[in-house]
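J.: using only what follows, build the 3D model:
(chains A and B)
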Amino acid sequence: MAEAPFGLLAELTHRCPLQCGYCSNPVELVRRDAELPTEDWLSVFDQARSLGCLQIHLSGGEPLLRGDLPELVTHANSLGCYVNLVTSGVGLSRDRLRDLASRGVDHVQLSLQDATRTGNDRIAGIKAFDRKVEAAAFVREEGLPLTVNTVLHRQNLDNVAGIIAMAEEMGAERLELANTQYYGWALRNRAVLLPTREQLAHADPIVTAAQERLRGRMEIVYVIADYHEAHPKPCMYGWGARQLTVAPNGDVLPCPAASVITSLRIENVRDSSLHDIWHDSPSFNAFRGFEWMKDPCRSCPRKEIDFGGCRCQAFQLTGDAAATDPVCSLSPERSTVDLVLATEMTPAEVPAMAMRKMS
Amino acid sequence: MTPVIALEDVPHIRRGVKCAYDQIRDAHVVLFPEGVLVLNETAASVVGLCDGVRSVGDIALSLGDVYAGVRPEDVAELVARLVERRVVDVDG
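T.: Just a heads-up that it's a prediction; the model follows:
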């Protein structure tokens, strides 16, 4: 039997005031009328806790757009879970935050698109910067710990020092600087987002120096740009190993991007229990352990470190979800990634960013 | 890099960190933004005594009342690992 999961990522809604062109939600966004009702989410939380989940990440889209968010927070807290609110900050008034904190939000994760108002609002597609600064101040006032999340790409990587300074100013305890991972929206916008080697080489020492300077005050987590690396990331620490995602319509996914693997039959909480889906479903068992691997992964000593990399990336770039992640230098398909780097890092003509929208 | 912890350091649980008992795993756990730590019995006892009042030396003494052969340097090392995982902080 698989080990129990530690965390539930609850994507309460795909509705969002922001339109970031690298959104981790799928390109086919779930519409409001297909969202799970309150009682189904309450049951999902109960089932997740019984299964072993100790953390509930209330995410989206923008979770503040769910009118039942207070009730969901109360319930997640009553189960003894660590409750993490993942928000754009838009719509987070002082009163709203105070209420959510009193109901048991333990930690707030706030997105920041760029270091400056102009840059931030251009990437977000709306005027959101001032709201974020305000939201951060409310989180501090409330005494809750704050993580600032910034997705890095060609449009903001040169401002990484400013982003770090902004997170410090916001009073964050943690800053996640995550280079864009190319699925869904980000894959669509890859030629606009893919950073150059020069940008990465410029940013790396700035991040390292800040990590050193801020040690003990603000932790900086840096997620690498995997296309530019020789080894893949240990995606999700293995398929179906630690966390599960429930999408707004009740689809249960081994990772937030897994719906890109069109060969995978996705289960739904309306039809099966989370327990059965986690332990027995073909989708969660598809890439557990090492048996599914082919060479070069199967005989590779790094398989215990990177688990063969990312299944979604393998599927998107090679058409085979069981292939070695093609960013790996040992992959027979590495040339696919090199070709992308050669043509899309500095494209002759930069396309316009496709902003995230419901179709 | 694991920090060096002295016997007179006073550890406390960091803001935003929750200690709980998980009936599913039948173990004490520490919950924090980055994840979950499942504690063994010794670690759970140490975490329970990181109250911002006791020093590492005091914690070792308290544990000595319950367990045989508690060495202060082992407690200091465990606290250092908890500091590294951002579960506890120390006041000098």
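J.: from A:Leu110, how far out is A:Leu65?
T.: 16 Å (C-beta to C-beta, to the nearest Å). (Each C-beta comes from the backbone N, C-alpha and C, glycine too.)
J.: where exactly do the strands run in the chain?
T.: I'll assume chain A. With DSSP state E as the definition, chain A shows strands at residue ranges A:7-11, A:55-59, A:82-87, A:107-111, A:146-152, A:174-179, A:219-223, A:243-246, A:251-253, A:267-268.
J.: nope, chain B please
T.: With DSSP E as the criterion, chain B has strands spanning B:10-13, B:18-22, B:27-32, B:35-39, B:88-91.
J.: what pairs with the third one, parallel or antiparallel?
T.: Take DSSP bridges as the rule and strand B:27-32 pairs in its sheet with strand B:18-22 (antiparallel), strand B:35-39 (antiparallel).
J.: what pLDDT does the residue of the stretch 1-150 of chain A found nearest chain B get?
T.: As assessed by C-beta to the nearest C-beta, chain B sits closest to A:Pro145 within the stretch 1-150 of chain A, at 3.2 Å. Looking at A:Pro145, its pLDDT stands at 94.
J.: name the nearest residue to it, sequence neighbours excluded.
T.: B:Gly16 (3.2 Å; C-beta to C-beta, 6 or more residues apart in numbering or on different chains).
J.: my guess is the one you found contacts A:Leu144. True?
T.: Yes - with contact defined as C-beta atoms under 8 Å, B:Gly16 counts as touching A:Leu144 (7.0 Å).
J.: which neighbours do the two share?
T.: A:Asp106, A:His107 (C-beta atoms under 8 Å, 6 or more residues apart in numbering or on different chains).
J.: which residues of chain B lie near chain A?
T.: Contact residues (C-beta under 8 Å from any C-beta of the partner chain) of chain B with chain A: B:15-16, B:18, B:20, B:22, B:24-25, B:29, B:31-36, B:86.
J.: by pLDDT, give me the weakest of those.
T.: Within the residues of chain B next to chain A, pLDDT is lowest for B:Glu34, at 79.
J.: what's near enough to touch A:Leu18?
T.: Contacts of A:Leu18 by C-beta under 8 Å, 6+ apart are A:Glu62, A:Ser88, A:Val90, A:Ser111, A:Gln113, A:Ala124, A:Gly125, A:Ile126, A:Ala128, A:Arg356.
J.: now do the same contact list for residue 35.
T.: Chain wasn't specified; assuming chain A. A:Glu35 neighbours (C-beta under 8 Å, 6+ apart): A:Leu12, A:Thr13, A:Arg66, A:Pro248, A:Asn249.
J.: chain B is the one I meant
T.: A:Phe6, A:Gly7, A:Gln55.
J.: hmm, 10 Å instead?
T.: A:Phe6, A:Gly7, A:Leu54, A:Gln55, A:Tyr82, A:Arg242, A:Gln243, B:Arg85 (C-beta atoms under 10 Å, 6 or more residues apart in numbering or on different chains).
J.: longest helix in the chain, please.
T.: No chain in the question, so chain A it is. Taking DSSP state H as the criterion, chain A has its longest helix at helix A:197-213.
J.: oops, chain B please
T.: helix B:72-84.
J.: need the residues that contact it.
T.: A:216, B:1-7, B:9, B:11, B:13-14, B:17, B:30, B:37, B:39, B:42-43, B:45-47, B:49-50, B:55-64, B:71, B:87-90.
J.: mind redoing it with 7 Å?
T.: B:2-5, B:7, B:11, B:43, B:46-47, B:56-57, B:59-60, B:63, B:88-90 (C-beta atoms under 7 Å, 6 or more residues apart in numbering or on different chains).
J.: alpha carbons only: can I get that helix in CSV?
T.: Written as CSV, here are the backbone C-alpha positions of helix B:72-84 (Å, rounded to 0.1, in the frame of the first residue of the first chain):
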residue,chain,number,x,y,z
PRO,B,72,23.3,17.5,26.7
GLU,B,73,25.3,17.5,23.5
ASP,B,74,22.8,15.1,21.8
VAL,B,75,20.0,17.4,22.8
ALA,B,76,22.0,20.4,21.4
GLU,B,77,22.5,18.5,18.1
LEU,B,78,18.8,17.7,17.9
VAL,B,79,17.8,21.3,18.5
ALA,B,80,20.3,22.3,15.8
ARG,B,81,18.6,20.1,13.3
LEU,B,82,15.2,21.6,14.3
VAL,B,83,16.6,25.1,13.8
GLU,B,84,17.9,24.0,10.4
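J.: which parts of that helix are buried?
T.: B:Pro72, B:Val75, B:Ala76, B:Leu78, B:Val79, B:Ala80, B:Arg81, B:Leu82, B:Val83 (16 or more other C-beta atoms under 10 Å in any protein chain shown).
J.: for A:Val73, what are its contacts?
T.: So A:Val73 contacts A:Leu58, A:Val83, A:Leu100, A:Arg103, A:Gly104, A:Val105 (C-beta under 7 Å, 6+ apart).
J.: OK, contacts around the fifth one?
T.: In other words, A:Gly104. A:Val73, A:Thr74, A:Ala76, A:Asn77, A:Val83.
J.: how close does the fourth one get to A:Arg122?
T.: It refers to A:Asn77. A:Asn77 is 37 Å from A:Arg122, by C-beta to C-beta.
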